[in-house]
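In: Sequence first, then the predicted structure, then my questions.
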Amino acid sequence: KRALELGASDIPLVAGHKPQVRINGKLSELDDFLLDRTQTRWVGICLGGNDVDYRLNAEGYMHLTRDVNDEKYAAITLAMASGAVSVSIRLHGGRIPTLAQSNVPEAVTRLLSAPSGLILMAGPHASGKTTTLYSMTQWVNENRALHICTVEKPRHYIFKPAKSIIQQREVGRDCPTAARAIDAAMHQDLDVLVVGEISDFETLAACLQAAETGHLVLVQLHANDAREAVMRLVEAAPESMHPQIKRQVANTLRGVIVQRLATLMDGKTRMAVCDVMGEGACRTVSAYGVP
């Protein structure tokens with residue numbers, strides 16, 4: 001409850017440390033006492049059930065989700081560290097920010113208005129690219145009457161229907177792999193495919209096939225710039241397939257959005273800085289929306 005009130009994104013509970021929360025990317029103490037291994041173990045049992053010890057000994061870690069309220073839920077990872085149970089709680093959900101609130105330039109909405117093709121949402125770790133991907137999807141949901149399917153691991157927000165029909169598939173819960181989730185979507189009159197991560201060649205091939213067959217495909221990638229984002233796609237395939245993947249990307253790529261988060265002068269507020277490349281032009285937008 002206190003973490004929610006503070007607007008925290010994460011709650012790490014580690015034996016030998018004080019309870020902490022992550023707010024705007026920075027850790028701060030939540031309480032002034034040291035957790036011991038008995039306490040973290042009982043937190044794990046309360047969240048994961050009486051078989052936590054058995055599962056952790058067998059697998060090393062376990063992942064689960066729990067609803068917090070009607071809009072938010074918690075992604076929980078329990079793991080062993082120095083013989084003690086550590087608990088990491090990441091809070092997801094709430095209201096999806098608009099593109100304007102995410103400080104995403106107007107050029108992105110032009111990309112999202114395309115009938116088909118591949119759009120890459122890239123950025124380094126903790127750059128806010130996942131939130132922006134959800135904002136982009138929500139824009140399509142609110143402005144176009146289409147059938148949208150997301151493939152996520154895990155879900156970060158819960159969409160509510162607007163103009164579009166939207167299905168959210170979570171890998172590991174709704175389907176065994178991302179490739180199988182995409183295959184199912186392709187058989188369900190799909191218009192827009194949103195993929196949270198390309199972790200193997202099968203997922204890459206399915207995304208490119210969807211883009212080639214007239215679907216709009218939004219994909220998130222870990223990359224520092226547009227060139228690296230495209231190379232990440234190519235390198236996800238076996239080397240013998242690189243020429244074919246390059247041709248497919250060349251034929252389907254609509255644009256690349258690369259994002260970082262900049263901390264403003266107050267030291268607390270963070271804003272997106274976006275590079276948008278698409279439709280034959282490259283445009284950089286600063287934290288204040290000024291080219």
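Out: That came in fine, so what should we check first?
In: lowest-confidence helix or strand of the chain?
Out: Ranked by mean pLDDT, DSSP states H and E, the weakest helix or strand in the chain is strand 281-285, scoring a mean of 49.
In: Who are the contact partners of the nearest residue to residue 142 once chain neighbours are set aside?
Out: Nearest in space to residue 142, with sequence neighbours left out and distances taken as CB to CB, 6 or more residues apart in numbering, is residue 162 at 4.5 Å. Using the backbone N, CA and C atoms, a C-beta is placed for each residue, glycine as well. Applying CB atoms under 8 Å, 6 or more residues apart in numbering, we find residue 162 in contact with 138, 141, 142.
In: Would you agree the last one is in contact with residue 160?
Out: Looking back up the chat, that one is residue 142. No - applying CB atoms under 8 Å, one finds residue 142 not in contact with residue 160, separated by 10.0 Å.
In: Setting aside sequence neighbours, what's the nearest residue to the residue most central in space within the chain?
Out: Nearest to the mean C-alpha position of the chain, by CA atoms, centre = their mean, lies residue 130 at 3.6 Å. Using CB to CB, 6+ apart and skipping the chain neighbours, the partner closest in space to residue 130 is residue 156 (5.6 Å).
In: hey, where'd the strands end up in the stretch 101-250 of the chain?
Out: 117-123, 147-152, 165-170, 192-195, 216-222 (DSSP state E, counting those that start in this stretch).
In: Could you work out which of those reaches nearest to residue 263?
Out: Residue 263 lies closest to strand 117-123 among these, at 15.4 Å (CB to CB).
In: ok, back up a step: which one of the contacts of residue 162 is nearest residue 199?
Out: Of all the contacts of residue 162, residue 138 has the smallest distance to residue 199: 24.1 Å, by CB to CB.
In: and that closest one, how far is that from residue 69?
Out: 20 Å (CB to CB, to the nearest Å).
In: The two: which is more packed in?
Out: Taking other CB atoms under 10 Å, residue 138 and residue 69 do not tie; residue 138 has more neighbours (23 against 9).
In: Now the closest residue to the more buried one other than its chain neighbours: phi and psi?
Out: Nearest non-adjacent residue to residue 138, counting by CB to CB, 6+ apart: residue 96, 4.6 Å away. Torsion angles at residue 96 (phi, psi; degrees, to the nearest 10) stand at phi -70, psi 120.
In: so how many other residues sit close to residue 96?
Out: 21.
In: Would you check that it makes contact with residue 157?
Out: Yes - the criterion here is CB under 8 Å, and residue 96 meets it with residue 157 at 5.0 Å.
In: Show me what counts as buried in stretch 234-253.
Out: 234, 236, 237, 245, 248, 249, 252, 253 (16 or more other CB atoms under 10 Å).
In: Look at that stretch and report the distance between its end residues.
Out: End-to-end distance of stretch 234-253: 13 Å, with CA to CA, to the nearest Å as the criterion.
In: what does stretch 215-233 give?
Out: 18 Å.
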